[in-house]
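Participant: Quick one: sequence plus predicted model below, questions after.
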Amino acid sequence: MFGDKENNPSSAVEAVSGVDSESIRDGLRNVVASPEFQGAERLQAFLTYVVEEVLAGRGDRIRAKTIVEDVYDRSPGEGRDPMAVVRVDAGRLRRRLSDYYAGSGSDSAIQIHVDAGGYAPRFEQRGPSAPKIPTATPSSSSTRLRRVLFLVGGIAAMFAIGWLTIGHTFSSARLKEEERRADDVREALFNTSPVKLQAANLAEQSRALLFPVLDPERLTLVRALFERAIVLDPDYFGGYAGSAQALATLAITSPPGPSRSELEAQAVQRATRALELAPAEGWSHSAAAVVAMAQKDYDAALAQSSRALTLSPEDVWLRNLDALIALFSGEFERAIQSADAVGRQANPGNRFPHRNVIASAKFHLGHYAEAIKLYNTAAREGDPISAISLAYLAAAQQRLGETEAAAEMLALTEKAWPDFPIEALFLSLFRDPVHALEITSPLEEVAGAVQVPTRSQR
């Protein structure tokens, strides 16, 4: 491609596509030092390598195999498919370059492109921006007035736009990074096997169906979806992690006996496999946390859930589960903190029980009026509704002396979820039975006041 220089590593190409090599290197330095490439050391090394290879006259020799050997310092035969990593990194690199030239590098005179289908970069020299055309500026007093009004209006508009957007700035950047990582994972799986991508998509979509978490019929259906993901790809950890969570939660909602023990055993098996396949994934540890809670090992559940958040701090699903585990472990302040973070992290349209968790924690801390307000807000916003949240609401109303309202809420709960074992479930969920009694005692009072027997009295 570049004549004799291909066989002389010490030689350098003075210009590529009409762009001199020093300008290209200046552009490269700006790219790797940019905010868009911050923390992406492997992508920095990837880009630097392919650019320098082209400048050294070896652009036509760039292959996935050479990148594996020279950049990653690995053998092409090492691991499951190291060259698939190159394909994924190339996709990540293209997206980062696109972000850079749309962001902090928008004024760059040199643009570096790594087109799909190859790894050798091409370089584009951009011309100077078109000069601004001056306009006539009459000096009449009316014109000056219009300027003042325009300036005042502009300032007002800036403030309005600022109020609308400032609260979303960090959230948008975080969501963009999450989407980028998700794209990377999907591309990696697709390049390895479309079936693997199908399994990952199914497992990811099934996570959204886990809430409300204490609906046995729903959990049975969700578990079947995760099991299908395992069939599609027995080596994908997400199917096992999701199945473990569904099985463990089904065990929690089941009375003591052989059936519950079998569910727990299956959950342990699935969670163990998830950790074997992906020990660095937060979801694996979160699944183990739910299993530990089903086994009444709340200390282990809290520790595993903390580890999950350390590994995957932006995973809003794991933070939801952390809030629930903290609530039932009696760690009410932690439950509020995690649930509040969910509210900040969640995408529009997500239906998480974070407001219900905060309300429940507030109930146990004695803030009954605040809890009622939060439960009502959660219902208006379309958050998941369950017999548990309505039981909490009735108990809070009773604690404030609103027996009539509490009786109506309890009757609605009985009608919507007939034969639902509320008292037994609370005793099964909480680490400390006292916290369960804080809910069931006012419900007993309500039932006695209106002569409606509770489930435990029947």
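Facilitator: Looks like it arrived, so ask away.
Participant: In contact with Gly405: list those residues for me.
Facilitator: I think there's a mix-up here, since residue 405 is Ala and not Gly. Gln397 (C-beta atoms under 8 Å, 6 or more residues apart in numbering). (C-beta placed from N, C-alpha, C; glycine too.)
Participant: Next, it: phi, psi?
Facilitator: Main-chain dihedrals, Ala405, degrees, to the nearest 10: phi -60, psi -40.
Participant: go on, Glu124?
Facilitator: phi -130, psi 130.
Participant: Please report the number of neighbouring residues for the closest residue to it other than its chain neighbours.
Facilitator: Nearest residue to Glu124, sequence neighbours excluded (C-beta to C-beta, 6 or more residues apart in numbering): Gln111, at 4.4 Å. For Gln111, the neighbour count with other C-beta atoms under 10 Å is 18.
Participant: Could you do Glu264 as well?
Facilitator: Around Glu264 there are 19 other residues, counting by other C-beta under 10 Å.
Participant: Can you tell me what sits against the strand or helix carrying it?
Facilitator: Per DSSP states H and E: Glu264 is located in helix 258-277. Residues from elsewhere that reach helix 258-277 (C-beta under 8 Å, 6+ apart): 235-238, 240-241, 243-245, 247-248, 250-251, 254, 281, 283-285, 287-288, 290-291, 294-295.
Participant: Okay, strands next: where are they in the stretch 251-400 of the chain?
Facilitator: Here the stretch 251-400 of the chain has no strands by DSSP state E, counting those that start in this stretch.
Participant: Am I right that the residue nearest to Glu124 is in contact with Asn30?
Facilitator: No - shown here, Gln111 and Asn30 do not form a contact pair, counting by C-beta atoms under 8 Å, at 10.7 Å.
Participant: Now for the two: what residues contact both?
Facilitator: Common neighbours of Gln111 and Asn30 (C-beta under 8 Å, 6+ apart) are Gly105.
Participant: Who are the contact partners of the residue nearest the centre of the chain?
Facilitator: Per C-alpha atoms, centre = their mean, the C-alpha nearest to the average position across the chain is that of Asp315, at 3.2 Å. For Asp315, the contact set (C-beta under 8 Å, 6+ apart) comprises 282-283, 286, 308-309.
Participant: pretty sure Ala394 is touching Thr413, no?
Facilitator: Yes - using C-beta under 8 Å, Ala394 is in contact with Thr413, at 6.8 Å.
Participant: between the two, who's got more neighbours?
Facilitator: Between Ala394 and Thr413, counting by other C-beta under 10 Å, Ala394 is the more crowded of the two (29 against 21).
Participant: Show me what counts as buried in the helix holding Glu264.
Facilitator: 260, 263-264, 266-268, 270-275, 277 (16 or more other C-beta atoms under 10 Å).
Participant: Equivalent analysis for stretch 104-123, please.
Facilitator: 104-105, 108, 110-112, 114, 119-121, 123.
Participant: ok, of these, which one's closest to Ala369?
Facilitator: Distance to Ala369 across the buried residues of stretch 104-123 (C-beta to C-beta) is lowest for Ser104, with 48.5 Å.
Participant: Measure how far the helix holding Glu264 is from the centre of its chain, please.
Facilitator: Averaging C-alpha positions (C-alpha atoms, centre = their mean, to the nearest Å) puts helix 258-277 24 Å from its chain's average.
Participant: that older thread, among the buried residues of stretch 104-123, name the ones in strands.
Facilitator: 110-112, 123 (DSSP state E).
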